[in-house]
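[1] Please find the sequence and the predicted model below.
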Amino acid sequence: MASIDIESVRKSYGPVSVLHGVDLAIKDGEFIVLVGPSGCGKSTLLRMIAGLEEVTGGEIRISGNRVNDLAPKDRDIAMVFQSYALYPHMSVADNMSYSLRLRKTAKDKIASAVSSAATKLGLDPLLERRPKALSGGQRQRVAMGRAIVRQPKAFLFDEPLSNLDARLREQMRAEIKKLHADLKATSIYVTHDQIEAMTLADRIVAMHGGVVQQVGTPLELYDTPANLFVAGFIGSPGMNFLEGRYVKTGEGAGVRLSDGTVVPVAPRAGLAPETTVTLGIRPEHVVIAKDGMLEATVDLVEPTGFGIILHLSLHGLPFKIFTLDRDALSAGPTVRVDFPQKHLHVFDETGSRAD
Ligand SMILES: Nc1ncnc2c1ncn2[C@@H]1O[C@H](COP(=O)(O)OP(=O)(O)OP(=O)(O)O)[C@@H](O)[C@H]1O
């Protein structure tokens, strides 16, 4: 197993710069999830760690050793892709043992590595089958088995579950988590899936436009997003935002909205009165109350089974509430809402969190 250090890593394709200096210290055994919108550079970063893309600037170290110029096969890292990339003419067992056979590993060692990985992944009854006789989930398990038998220093996953249906994804997600608890292998995992990121990660790395926006535990990013981008990106349905001005009040501080309503917030030392700020509140934290301080128009009521999403207009802007209260099904045409102070986020003019 290995630590992975990424220092001032940059990537350009010709004149186009796609990663602008990424710093990240990944501890031995840690499970890191990279998230961000399409095109933000997640896969590029992963592929540079694997050695599939050249590093334009900066340094990547695995277990303290610089690997910038090391061929992928010499990095001792296994990559699991969205497309399983299995050899169609080989059985499951042969697919899994392929890399060990290439390395001329002793036959008994190969047999025990394949057998132990197959047992971990529930592949024992399928070892003689060809990939085409397997379901998508089974193929993805073989791809993981192939990675495990090599006992690499680290695993890199590039959206490994995105070809699977929702139920299978949920099942495989739990399996990956159990596998990591068992193997404790350093892992870097790219995904678009919020739940995968939140449930699998020891730490999430949120990226945007080739720049790391925040690194932290899933709940750190959820509860204290460092800026507007992370606040809006993490969480589904996403955080609501309202613009206003930061004001001092007799009791403390507040944010004055466009209609003059002052929403009380805890004082922020770094904010000067009358600066423009963005107030953020998650849909599940908004309280519907008869005497609530703001009135919103109900545009749409969406029952999800688990809960209800109310799509509202507040000061002409879209605004969402998530609630478990079935009474919300009969909400409308307007509701009054309150914002509990402890759940309010304030972002300054530059979009940075103001605490
Ligand atoms: N070979 C290439 N030549 C030029 N530009 C490239 C090349 N490969 C990737 N890019 C650009 O680099 C940027 C980052 O791409 P990358 O695939 O890393 O994004 P991503 O965050 O993984 O996106 P997605 O979530 O859609 O997979 C994109 O703007 C992409 O167009």
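    Received, thanks. Residues are numbered from 1 along each chain as shown.

[2] what helices or strands is the longest helix belonging to the chain leaning on?
    Longest helix of the chain, by residue count under DSSP state H: helix 166-183. When contacts are defined as 3 or more CB pairs under 8 Å, 6 or more residues apart in numbering; DSSP states H and E, helix 166-183 sits against helix 107-121, helix 136-149, helix 194-200. All C-beta atoms are positioned from the backbone trio N, CA, C, and that covers glycine.

[3] mind giving me the domain split of the protein?
    Following automatic domain parsing, one finds the domains of the chain at 4-232, 238-347.

[4] what mean pLDDT would you report for the longest one?
    The pLDDT scores in domain 4-232 average 93.

[5] so how far does it reach from one end to the other?
    Using CA to CA, to the nearest Å, the end-to-end distance of domain 4-232 comes to 29 Å.

[6] swap in the last one?
    Looking at domain 238-347, the gap from its leading to its trailing residue is 16 Å under the measure CA to CA.

[7] one step back: how far off helix 107-121 does the longest helix of the chain point, in degrees?
    Here helix 166-183 runs at an angle of 130 degrees relative to helix 107-121 (axes from the mean of the first three to the mean of the last three CA atoms, to 10 degrees).

[8] What are the contacting residues of helix 166-183?
    For helix 166-183, the surrounding residues in contact (CB atoms under 8 Å, 6 or more residues apart in numbering) are 31, 120-121, 135-137, 140-141, 144, 148, 157, 160-161, 164, 187, 189, 193, 195-196, 199-200.

[9] Kindly report the same for stretch 270-280.
    Contacts for stretch 270-280 (CB under 8 Å, 6+ apart): 225, 228, 231, 239-248, 255, 257, 263, 265, 339, 344-349, 351, 354-355.

[10] could you flag which of the residues you listed are buried?
    Buried members of the contacts of stretch 270-280, scored by 16 or more other CB atoms under 10 Å, are 225, 228, 231, 239-242, 244-247, 255, 257, 263, 265, 339, 344-348, 354.

[11] what subset of these is also close to the ligand?
    Here nothing survives when the buried ones among the contacts of stretch 270-280 are matched to the ligand using CB under 6 Å from any ligand atom.

[12] now, which of the residues you listed lie within strands?
    240-242, 244-247, 255, 263, 265, 345-347 (DSSP state E).

[13] Please tabulate those residues in TSV, including the columns pLDDT.
    Output for these, formatted as TSV (pLDDT from 0 to 100):
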residue	pLDDT
N240	98
F241	97
L242	97
G244	97
R245	98
Y246	97
V247	97
V255	97
V263	96
V265	96
H345	98
V346	98
F347	98
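
[14] What is the most widely separated pair among those?
    N240 and V247 (20.1 Å; CB to CB).

[15] okay, now V298: neighbour count?
    16 (other CB atoms under 10 Å).

[16] How about the contacts made by I62?
    By CB under 8 Å, 6+ apart, the contact set of I62 is A2, S3, I4, R75, D76, I77, K153, A154.

[17] State the distance from V287 to L314.
    14 Å (CB to CB, to the nearest Å).

[18] anything in contact with each of these two?
    Common neighbours of V287 and L314 (CB under 8 Å, 6+ apart) are V337.

[19] quick one, which of the two is more surrounded?
    L314 (19 against 14).

[20] what's the pLDDT at the more buried one?
    If you check L314, the pLDDT there is 95.

[21] in the sheet, who's paired with H311?
    L300, K320 (DSSP bridges).

[22] That one against P283, yeah?
    No. If you go by CB atoms under 8 Å, H311 and P283 don't touch, sitting 9.9 Å apart.

[23] Look at the two and report which has more neighbours.
    Relative neighbour count places P283 above the other of H311 and P283, with 21 against 17, counting by other CB under 10 Å.

[24] What distance do you get for that one to the ligand?
    Separation of P283 from the ligand (CB to the nearest ligand atom, to the nearest Å): 25 Å.

[25] just P303 next, same as before
    Distance from P303 to the ligand, by CB to the nearest ligand atom: 31 Å.

[26] Tell me how many other residues surround that residue.
    11.

[27] swap in E302?
    Neighbours of E302 (other CB under 10 Å): 13.

[28] three-state assignment of it?
    Of the three states, E302 takes strand under DSSP: H, G, I helix; E, B strand; the rest coil.

[29] out of everything not next to it in sequence, what's closest to it?
    I309 (4.2 Å; CB to CB, 6 or more residues apart in numbering).

[30] May I see the buried residues of the helix or strand where that neighbour lies?
    Using DSSP states H and E, I309 maps to strand 308-314. Across strand 308-314, burial judged by 16+ other CB under 10 Å covers I308, I309, L310, H311, L312, L314.

[31] now the fourth one: how far from F31?
    Same thing as H311. For H311, the distance to F31 (CB to CB) stands at 35 Å.

[32] What parts of this structure come near the ligand?
    Going by CB under 6 Å from any ligand atom, the residues of the chain near the ligand are Y13, V16, V18, G36, S38, G39, C40, G41, K42, S43, T44.
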